[in-house]
Each structure stands twice: as C-alpha cells, then as structure tokens.
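*Asks:* Generate a structure from the sequence data that follows.
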Amino acid sequence: MDLHFGDSKPSDEERAAVDALLGPPESAWEGADRSEADLRWARGGRAARDRRDLLLPGLHAINDRIGWISAGALDYLCRRLTVPPAEAYGVATFYAMFSVAPRPATVLHVCTDLACTAAGADRLCAGIESRLGPGSGARVERSPCLGLCERAPAALAIRAGDPVRTAVSAPATVEAAVLAASAPDSALPEPPAALAVPQAGDPSLTLLRRVGVVDPASLDDYRAQGGYAALRRAFELGPAGVIREITDSGLVGRGGAAFPTGRKWQATASQPDHPHHLVCNADESEPGTFKDRVIMEGDPYALVEAMTIAGYAIGAHKGWIYLRGEYPRALHRLEHAIAQARARGLLGDDILGQGHAFDIEIRRGAGAYICGEETALFNSIEGYRGEPRAKPPFPVEKGLFGKPTVENNVETLVNVLPILTQGAQAYAAIGTERSTGPKLFCVSGSVARPGVYEVPFGVTLGELLELAGVREGLRAVLLGGAAGGFVRPDERDLPLTFEGTRRAGTTLGSGVVMAFDDTVPLPRLLLRIAEFFRDESCGQCVPCRVGTVRQQEALHRIVERRGAAAADDLALLREVGRALRDASICGLGQTAWNAVESAIDRLGAYE
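*Replies:* Take a look at the predicted model:
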C-alpha cells in the first residue's frame, strides 16, 4: 500500500456510506466537490486527528454497504479522518470480516471450530460449497467460532447493502444454510434466546432469571421484574459505598483472569487523571463461549443498568460496549435497549434526577480473537490494529485513550445487580469462600441439552454434566475453550472453582465445558486448536508469531508419522510450548499450548 493517497476514487455508494457516518465533507481536502483550491492544507488539525477512533466504524460502514473495501473507499475514509492510508490498510487487513479484495455481496460464514467440527462441519461445508458455486453470488468462508455452540453446526449469512442483512442458520443443514445465503434476514427467524438456557424459568436463578421471562425489547417489562432497583440502591450508597459492596462480595472477573473486581474499580476511581472510562468486553471469541451473547439477547437492559452502576462508581461518564461482529441480534437488542433507556432518562445527562451523567456507545469488532485481550481491545476502539500493549502501565492508570479505564466482561458486570439488591454478604454466601457467587457455564458437544447453565461455584464437573445430559462413551472434556485444558472422564469430581481447577492443573477460564465422546477424533481437534491460534495470532511478538506456526506443523507431522519421528515432534512441541508460555507478550501466546499439552499428558492423545 502506498504511503500517499492514491488516484482511486470512491464510488457514489462508498462515498454515501462514509458520509452517513461522518456527515458531508467540509473541504476539498476531505473530498468535497468544490471549486476552491484548498487541497494544499488539511483543516481541523488535532481535532481531525482526534477522530481516529471512527476508523473502525468507517470500515464497517463501507464493508456493510458494499461487501468489501476498495482502495478508493479507503482513501476517501482516510481523507475524512486524516489517517495515513498505510495505517488504515493495516487496520482493514487485520480483521477477518473485512476484505480489501472484491468479493460477492453475500458472504456465508460457516463455523469449523471445535463444537461445530464435532457436529460435522466439514461435511456441511462440502455440501454448501457444492451448491454455492462461483455463479451463485455468494461466497462461503470457513470461520472460527460464531458463538452458537449450543446449536452446532452453525452458519451466519451477511448480505451487504443499505441496510446490511443477516441470517443465522443453526443447527445448520446444507439446505438451510443455502437459503440463509439467498435470502438473509427473512428466511430463517432465530429461536428465542431462552432456548439456549435449559433452566429458563427456574425462579432460583440469579443471573439468568429474566431470560425467557421478560420481553427483551420492553423496558417496562424489565422494570416490572426488578429492573433498575440496583441502580436506585447504588445512588443510595454513593460511589464509595458501591465499590465497598463489590469488594465485600468477593466478585472476581468472569473472563478467565479472575482479578478482584472491587480492587479494579477502586484503583480506577482513585486516579486523579480524568476522564475515566468504562469498557464492557462483549467480544467473547473463545471457542465454546456464548454466555454473554445469551445475556445480551435475552436480558439486554441488565447490561445497560450494570454499566450505568459501574460508571457511577468509578466516576466515568461514558461507557463502551465492544461487541463481537458476529452477533447481529445482540447488536439490535442492545441498540434498542440503549435508545429506550436514553429516552426514559436512564441514560444521559441527569440519570433518575441524581445529577449523574452517563451514556453508552457500541463499537463492533470485526473478527479478531486477540481483541478479547483488554489492551488490544483499547487499540481497536482507538482505530489501530488490535495488538496488545506492554504492561505496565496497567489500564487502571492508562487504558482507553490513555486514561484510567475499567474493563469487565458482560457476565462480570451483570453480577453487580444481585450484589446490590441482595447485599454483599448474601451474595458471598453463594459458592465457596474463595469463589463466590453464581457462575455461568457454556456446555456443548456430546450432551443432550447443550446451553448456558447457572450454578453456584463449587458444583462438580460431574454434576454439571448430569444437568446437561452427557452421552455415553465420553472421551474427554475441554475446560476453558481453546485456551483451556482437557480433563479425563474419570475426573468428574473436579470442583468447578478457580482454586479447585488450579489445584487439578487445569483452568476454569471463561466457563467453557465442551464434552467429546469417542466418535470425535482427538488428533483432529488438537490440530484445529493449533490452526486457530496460528490464524488468530496478531504477529506482534516472535514467540507467538513463530511458535503457533511450529506447533501446527508439528501436529500435522505427528498425525502422518509414527514411532521415533513422532517422538521427536512431541519433544519439539514441548520446547515450543515452553517458549510460547514464557515469552509471549499476551495471553494468546501464553495459553496456545495448554490444550495440546493437557491432551498429551492427561489423555495420552498420541499413544
């Protein structure tokens, strides 16, 4: 890509897509059709550069309208935002959902990740590709996890236009997926989110009690079921009181790191530098994870209320939801909930007449697993490649836009509501002493009732599998997703707590519990995990960039070779795994070897 603006011109549709987001251009420098010769200088200066964070929404606008991003469209967006084209090209090519090469307006993403592979994704892809040939006007792309594991195998059709149209086919058949690609947004209505919650309607639930009970589009229905009682309680306690309750409850992050939430909030609230920011990480790209999607689709106002409380506690007046690009229904539900809350005085300049200002903006991801890492997420929002930053400084000191920032995922935030309505002590009485409260688990694979389950910390793996109806012939259980580890079928007494899984030499991670019976070829699963990490590595650091490639290559050779040659590759795998774990800059590289190592050591995968 040339460092300078090129000669390519945007089409009228591309120009309209950008202008719909940014407004009409004000000068010829920005692309306005004017006679005055004002191309020799750029108006706006720092104010123009401060709009760099609109680069990702701008790329989405073009990609949604046209289906791909041409050189002319990219140049026009760069002029509007005063962003060097070379940098914007690097951003556009970073994300899997964007294309800088011409492609059909309709793209059918077919999941080939773990749960879908076990459910026959390869046969599904072959059948779809035979039906949707070059002249079909649709392109089939094999995709990592779409977050629809309870309905595997899954496919997502996206048809560019104004507006962009989408359709989900899950569980997908060849016929249904082809229909989704030919008539998105009308052919296949999605089932309600409650179908992903086998316990839906159980009054003993805490986090999922409203899913399937309330109308996710109705603010009045949400309030009739106890909604916004927690926010009123927060205003009674004051910011310091809210943080004290969160701290006393023992709540820790539910994304896998298990960092104490109260300590994070207090560290940010006490920073003298302003403004403070709140970021909700809704980019749950870990294969096998879909709990945040179910909450956002089935109870979106709960997230809006929880973010409002968190913003009040840490002194933030703006919140950001970084949402997976593969979650179109969650996007629509959240956009509606935010608009309704804003119209009713529950977001805006004076919430409930308490003088606190807070609002929420949604930013869509575009298919990059690494953006689940908090600092990579910040870079993505700011309009840069989603590459992790070195720490320190930590986000509580310098996070989004270089300001103190709290980042929590959806599940962590919605736990704030029962803490405030029940009280910290009642909440802490749920679970165990060191792992308090309820926990959501995403159960999929070889079970009769896949879905999101809410159980207190401390239940055993066997008890959870019994709830889900595990099938005969269980071969292995993957905890924590691709970044987690395998356990044996005879380890069903493993307590599902952070400390219990650590003692057992595995991890709870984000709550993935994926069961595999003896019909699933374990070596093929391990190779898929290695392919996933190779594809998703951002390439910033050498250990991860090279190590994930070497891991995949070694696993390929092991499948093809036996005896001493395979033993040599197993030794190489261990050496590469140690380098990944010890030297990678972020959690992607540090955990890329975990599942493979556990399958070798605990399951004897290649014996």
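*Asks:* What ranges does the stretch 1-150 of the chain have for its strands?
*Replies:* 106-111, 138-143 (DSSP state E, counting those that start in this stretch).
*Asks:* Out of these, the one nearest A515 is which?
*Replies:* Distance to A515, taken as C-beta to C-beta, is lowest for strand 106-111 among those, at 17.7 Å. All C-beta atoms are positioned from the backbone trio N, CA, C, and that covers glycine.
*Asks:* what's the average pLDDT for that closest one?
*Replies:* Strand 106-111 carries an average pLDDT of 96.
*Asks:* about what we covered before: dump the strands of the stretch 1-150 of the chain to JSON lines, plus distance to T591.
*Replies:* Formatted as JSON lines, the strands of the stretch 1-150 of the chain follow (distance: least, C-beta to C-beta, whole Å):
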{"stretch": "strand 106-111", "distance to T591": "21"}
{"stretch": "strand 138-143", "distance to T591": "21"}
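*Asks:* which residues are contacting stretch 568-588?
*Replies:* 256, 369-370, 373, 375-376, 388, 390, 483, 533, 536-538, 540-544, 547-548, 550-551, 554-555, 557-558, 561, 589-593, 596-597, 600, 606 (C-beta atoms under 8 Å, 6 or more residues apart in numbering).
*Asks:* hmm, try it at 7 Å
*Replies:* 370, 373, 388, 390, 483, 533, 536-537, 540-541, 543-544, 547, 550-551, 554, 557-558, 589-590, 592-593, 596-597, 600, 606 (C-beta atoms under 7 Å, 6 or more residues apart in numbering).
*Asks:* now do stretch 243-256
*Replies:* Contacts for stretch 243-256 (C-beta under 7 Å, 6+ apart): 237, 258-263, 265-266, 269, 281, 313, 408-409, 411-412, 415-416, 419-420, 424, 427-428, 436-437, 480, 509-511.
*Asks:* Compute the first-to-last residue distance for that stretch.
*Replies:* 21 Å (C-alpha to C-alpha, to the nearest Å).
*Asks:* I'd like the distance from that stretch to the chain centre, please.
*Replies:* 21 Å (C-alpha atoms, centre = their mean, to the nearest Å).
*Asks:* quick one, helices of the stretch 501-607 of the chain?
*Replies:* 522-536, 542-560, 563-583, 587-591, 594-603 (DSSP state H, counting those that start in this stretch).
*Asks:* Restricting to C-alpha, output the fourth one in CSV.
*Replies:* The one in question is helix 587-591. What follows is helix 587-591, C-alpha atoms only, in CSV (Å, rounded to 0.1, in the frame of the first residue of the first chain):
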residue,chain,number,x,y,z
GLY,A,587,-2.4,-14.5,27.0
LEU,A,588,-3.0,-15.7,23.4
GLY,A,589,0.5,-17.0,23.0
GLN,A,590,0.9,-17.9,26.7
THR,A,591,-2.1,-20.3,26.5
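*Asks:* For L81, see how far away D75 is.
*Replies:* 11 Å (C-beta to C-beta, to the nearest Å).
*Asks:* Out of the strands of the stretch 1-150 of the chain, which gets nearest to A476?
*Replies:* strand 106-111 (20.3 Å).
*Asks:* Show residues contacting the closest one.
*Replies:* Contacts of strand 106-111 (C-beta under 7 Å, 6+ apart): 121, 124-125, 128, 132, 137-143, 145-146, 148, 153-159, 177, 180-181.
*Asks:* just stretch 475-482 next, same as before
*Replies:* 256, 286-289, 461, 484-489, 501, 506-510, 512-518, 520, 522, 529, 532-533, 595, 603.
*Asks:* Filter these down to the ones in strands?
*Replies:* 485-487, 512-517 (DSSP state E).
*Asks:* Show me the shaky parts of the chain.
*Replies:* 1-5, 33-49, 184-188, 562-565 (pLDDT under 70).
*Asks:* Find the nearest non-adjacent residue to D349, please.
*Replies:* A357 (4.7 Å; C-beta to C-beta, 6 or more residues apart in numbering).
*Asks:* elements contacting the helix or strand I360 falls within?
*Replies:* Here I360, judged by DSSP states H and E, is contained in strand 359-364. In terms of contacts (3 or more C-beta pairs under 7 Å, 6 or more residues apart in numbering; DSSP states H and E), strand 359-364 is packed against strand 316-323, helix 328-343.
*Asks:* before we move on, back to that, let me have the ones in strands among the contacts of stretch 475-482 in a markdown table, extended by distance to P216.
*Replies:* Putting the ones in strands among the contacts of stretch 475-482 into a markdown table (distance: C-beta to C-beta, whole Å) gives the following:
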| residue | distance to P216 |
| --- | --- |
| G485 | 35 |
| F486 | 35 |
| V487 | 35 |
| V512 | 24 |
| V513 | 25 |
| M514 | 27 |
| A515 | 29 |
| F516 | 33 |
| D517 | 34 |
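*Asks:* Give me the nearest residue to A118, chain neighbours excluded.
*Replies:* Per C-beta to C-beta, 6+ apart, closest to A118 is V520, 4.8 Å.
*Asks:* now I309
*Replies:* Per C-beta to C-beta, 6+ apart, closest to I309 is A234, 4.6 Å.
*Asks:* residues in contact with that neighbour?
*Replies:* 242, 309, 312, 420.
*Asks:* what two of those are the furthest from one another?
*Replies:* Y312 and L420 (11.1 Å).
*Asks:* contacting residues for the one residue sitting closest to the centre of the chain?
*Replies:* Relative to the mean C-alpha position of the chain, the nearest C-alpha, by C-alpha atoms, centre = their mean, is the one of D283, at 1.6 Å. D283 makes contact with 322-324, 365, 371-372, 377 under the criterion C-beta under 7 Å, 6+ apart.
*Asks:* if you set the cut-off to 6 Å instead, what comes out?
*Replies:* Residues near D283 by C-beta atoms under 6 Å, 6 or more residues apart in numbering: 322, 324, 365, 371-372.
*Asks:* okay if I get these as CSV plus distance to P25 and neighbour count?
*Replies:* Formatted as CSV, these follow (distance: C-beta to C-beta, whole Å; neighbours: other C-beta atoms under 10 Å):
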residue, distance to P25, neighbour count
Y322, 28, 26
R324, 31, 26
G365, 27, 27
C371, 30, 30
G372, 35, 27
